[in-house]
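> Need coordinates for the following:
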Amino acid sequence: MKSVVVGTAGHIDHGKSALVRALTGTDPDRLKEEKARGITIDLGFAHQTIDGINFAFVDVPGHERFVKNMLAGIGGIDLVVLVVAADESVMPQTREHFDICRLLRVPTGLVALTKSDLVDADTLELVRLEVHELAAGSFLDGAPVVPVSARTGDGLDAFRGALAEVGRTVHGRAVHGVTRLPIDRVFSMKGFGTVVTGTLVSGRIAVDAELAVAPGDRHVKVRGVQVHGQLASEAVAGQRTAVNLGGVEVDEIDRGQALVTPGGFEATRVADVVVEVLPGAKPLKHGARVRFHQGTAEILGRVALVGPVETERAPASAQATSALADQPPRGRPPGRTKAGRFGLERVVPVIAPGARAFARLRLEGPAVIARGDRYILRAYSPPVTIAGGLILDPRPPRTAIRSAAALERCRRLDFDPASDDPTDVEQRAAMVMIEDAGPGGLPLAALTSRAGVDPRNVNARADSLVAAGHAVLAADVLVASRIVTHLKDAIVAALTQHHRTQPLSEGAPREELREQLAAHAHPAVFDGVLVDLAAAGTIIVRDRIALTTHRVALSPEETRAHAAIERAYRDGGLKPPDAASVAASTGVAAAVADRMLKLLQRQKVLVRVDVLLFHDEALKRLKAEVTALKTSAGAGARIDVATFKERFGVTRKFAIPLLEYLDRERVTRRIGESRVVL
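This is a model prediction of the structure:
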């Protein structure tokens with residue numbers, strides 16, 4: 001059965017709760033204070049099946065003091081019933097609730113002219129005209145306007161028919177997305193424990209599922225699920241849901257938190273957004289303190305406008321207060337002049353009433369938000385609705401925003417959910433965020449939490465970015481192709497310089513190169529670049545990294561020294577010359593001898609054993625001869641220091657380091673004072 005969440009909206013005492021009660025038989029006013037005062041204070045809930053559609057009603061308070069409670073319930077609705085009392089017509093809270101619905105982009109709805117039994121036909125027609133004037137050009141333009149009386153029942157059948165007709169046009173939500181249920185109510189039920197309710201805006205919740213309460217790090221288990229008052233094995237996006245939770249107490253959860261897929265969202269205190277200021281509001285100043293409402297949460301914060309600004313004197317004209325987003329990158333953004341020090345004036349950027357601009361919200365508490373979420377801004381004091389908009393990036397980089405580059409970045413992230421192609425929107429957002437991530441890369445999981453990609457499509461989206469040449473996939477992160485290209489060029493340039501300054505070096509140490517060029521890069525990015533360069537025949541990767549064109553270039557003197565020293569150690573066998581005196585014995589300058597000794601070690605012609613240097617051929621012969629003892633002496637062949645000295649004609653100075661070398665090479669194993677040949 002199709003499920004549709006319906007929210008009421010309208011001025012206090014216009015009959016919202018009475019209409020819900022007449023339609024469902026359930027009184028949404030559940031608090032003692034509400035019944036005593038005769039007004040709705042907090043959210044109320046009811047449900048009813050009408051023409052094969054399961055309608056879940058969220059009844060909201062109409063008093064201006066409780067608009068924040070209204071906002072906690074209106075965010076997850078599929079359609080709104082704007083309630084206007086026929087005996088009072090459009091009132092202040094009618095307009096504010098209507099503005100909120102427009103800013104949240106509620107897709108559809110209808111109008112109920114309640115208390116129709118209290119007025120005559122002429123008055124009813126006049127109210128109908130005022131409603132049409134209010135709704136003109138909005139999502140309610142052309143919507144059904146149905147006179148109804150909850151007291152007498154007149155018009156209820158017509159209203160049910162209109163509600164069902166509008167409900168059939170409602171589209172479903174992202175059932176396969178990341179689970180998110182903004183919590184609007186928390187209570188304890190005897191025999192069950194902690195229960196939370198809310199409208200499931202995406203994903204699904206099944207019995208025994210493991211979920212997280214965010215913001216926060218508490219994990220909970222789903223013990224039971226109710227959908228519209230009935231037990232269910234699972235709830236899916238678009239349904240009013242009650243969830244019985246294990247592993248958490250009532251006082252450990254609050255309205256404003258959300259049940260989410262573990263790891264599906266990251267709490268944030270900063271977001272880049274589109275701001276749309278209401279035509280009747282005051283200009284929204286840069287730095288203004290506001291009340292941020294999203295889902296069921298209310299968080300204080302400040303608005304910082306995005307884009308360049310000049311600090312010189314600027315006229316406070318209508319032109320200067322035009323929309324920030326409409327200004328060319330080099331032009332002065334909107335602003336008001338304000339007296340500064342020494343009597344000069346400085347620009348205070350603003351967003352004009354009715355204008356649309358980009359901003360960065362800096363919140364005073366953590367929020368669980370996603371790209372594409374709608375939100376509401378209310379003034380800090382008095383708390384009136386002033387603006388709303390769209391989340392562009394829930395975790396933007398901590399970079400300067402008063403620049404043309406920041407403005408261009410927001411323009412690339414901007415989109416219209418109603419008309420833009422979702423695939424193109426996701427790809428553009430992903431590319432901006434991949435570029436933001438730099439060499440560190442953007443984790444694949446962030447395509448969901450930041451770019452709004454369906455978890456099922458993450459791999460496909462990554463593959464398409466790679467195939468188009470926009471990004472490179474390294475391990476589990478995406479890196480912009482231009483960054484990878486730049487790193488390749490930097491490695492080639494660094495190696496070229498290294499070979500020029502150290503022609504005797506066989507190459508740059510791998511970790512030294514990483515630290516120099518890719519200290520902030522994901523390890524897989526650097527390793528992948530080396531693999532690509534090696535596959536292209538550009539570099540050789542060993543312990544040291546070198547260009548394939550590099551050859552150790554020796555001067556005539558160095559060539560002679562290299563050969564003389566190598567010959568001296570080869571002739572020395574297991575009794576090599578002392579490294580400190582080899583220069584004198586070969587007639588080579590000390591500095592040249594030192595360079596050649598290091599080169600021969602890098603070339604693995606000479607091998608250091610303890611403090612001694614041996615020719616590699618001598619060590620290979622030694623291992624072969626010791627191994628041969630097992631053949632001649634049989635299993636259990638042993639050799640001690642004295643035997644070794646006598647057999648190979650060396651002193652204890654050479655015998656001890658060589659025997660320990662054989663142990664390390666697993667040719668022998670020491671047992672007591674002797675060694676067993678393995």
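
> Count the residues that sit near the closest residue to Ser233 other than its chain neighbours.
Leaving out its chain neighbours, the residue that sits closest to Ser233 by Cβ to Cβ, 6 or more residues apart in numbering is Val207, at 5.8 Å. Heads up, the C-betas are built off the backbone N, CA and C, glycines and all. Residues contacting Val207 under the criterion other Cβ atoms under 10 Å number 16.

> my guess is Val207 meets Lys221, correct?
No. Counting by Cβ atoms under 8 Å, Lys221 is not a contact partner of Val207; they are 9.4 Å apart.

> show me where the stretch 51-200 of the chain has helices.
67-74, 92-103, 121-135, 156-167 (DSSP state H, counting those that start in this stretch).

> Run a quick neighbour tally on Glu435.
18.

> pretty sure it is in contact with Ala480, am I right?
Yes. Glu435 lies in contact with Ala480 (Cβ under 8 Å); the separation is 5.0 Å.

> all strands of the stretch 151-300 of the chain, in order?
Along the stretch 151-300 of the chain, the segments classed as strands by DSSP state E, counting those that start in this stretch run 180-182, 185-189, 193-199, 204-206, 210-214, 218-227, 230-232, 234-236, 240-246, 258-260, 268-277, 284-285, 289-294, 297-305.

> okay, those strands in TSV with mean pLDDT and distance to Val170 next?
What follows is these, written out as TSV (pLDDT from 0 to 100; distance: least, Cβ to Cβ, whole Å):
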stretch	mean pLDDT	distance to Val170
strand 180-182	94	19
strand 185-189	91	23
strand 193-199	93	13
strand 204-206	94	18
strand 210-214	94	26
strand 218-227	94	16
strand 230-232	91	20
strand 234-236	93	14
strand 240-246	94	14
strand 258-260	95	22
strand 268-277	96	24
strand 284-285	94	32
strand 289-294	96	22
strand 297-305	96	25
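
> Nearest to Pro396, out of the ones you listed?
For Pro396, the closest of the strands of the stretch 151-300 of the chain is strand 268-277, at 4.5 Å, according to Cβ to Cβ.

> what packs against the closest one?
For strand 268-277, the packing partners by 3 or more Cβ pairs under 8 Å, 6 or more residues apart in numbering; DSSP states H and E come out as strand 356-367, strand 385-393, helix 404-413.

> Provide a list of residue ranges in the chain with pLDDT below threshold.
Low-confidence segments of the chain (pLDDT under 70): 34-37, 63-66, 309-347, 553, 634-635.

> how much space between Gln239 and Leu134?
31 Å (Cβ to Cβ, to the nearest Å).

> Ignore what I typed, I meant Val106.
For Val106 relative to Leu134 (Cβ to Cβ), the value is 15 Å.

> Check Glu249 too.
For Glu249 relative to Leu134 (Cβ to Cβ), the value is 45 Å.

> Could I get the full set of strands for the stretch 551-678 of the chain?
606-609, 612-615, 638-640, 668-671, 674-677.

> looking at these, which is buried most?
For those, the largest average neighbour count (mean count of other Cβ atoms under 10 Å) is found in strand 612-615, namely a mean of 21.

> Which elements pack onto that one?
Using 3+ Cβ pairs under 8 Å, 6+ apart: strand 612-615 touches helix 556-572, strand 606-609, helix 652-664.

> Which positions in the first one come out as buried?
Across helix 556-572, burial judged by 16 or more other Cβ atoms under 10 Å covers 558, 560-562, 564-566, 568-570, 572.

> So which residue is smack in the middle of this protein?
Arg450 (3.7 Å; Cα atoms, centre = their mean).

> Of Glu249 and Leu134, give the one with the bigger neighbour count.
Leu134 (18 against 11).

> Contact partners for the more buried one?
90, 94-95, 98 (Cβ atoms under 8 Å, 6 or more residues apart in numbering).

> what's the burial count for the residue nearest to Val83 when sequence neighbours are not counted?
Excluding its sequence neighbours, the residue lying closest to Val83 (Cβ to Cβ, 6+ apart) is Gly10, at 3.5 Å. Residues lying near Gly10 (other Cβ under 10 Å) number 27.

> Likewise for Arg602?
Quick note: Arg602 (other Cβ under 10 Å) scores 16 neighbours.

> No further queries at this time; thank you.
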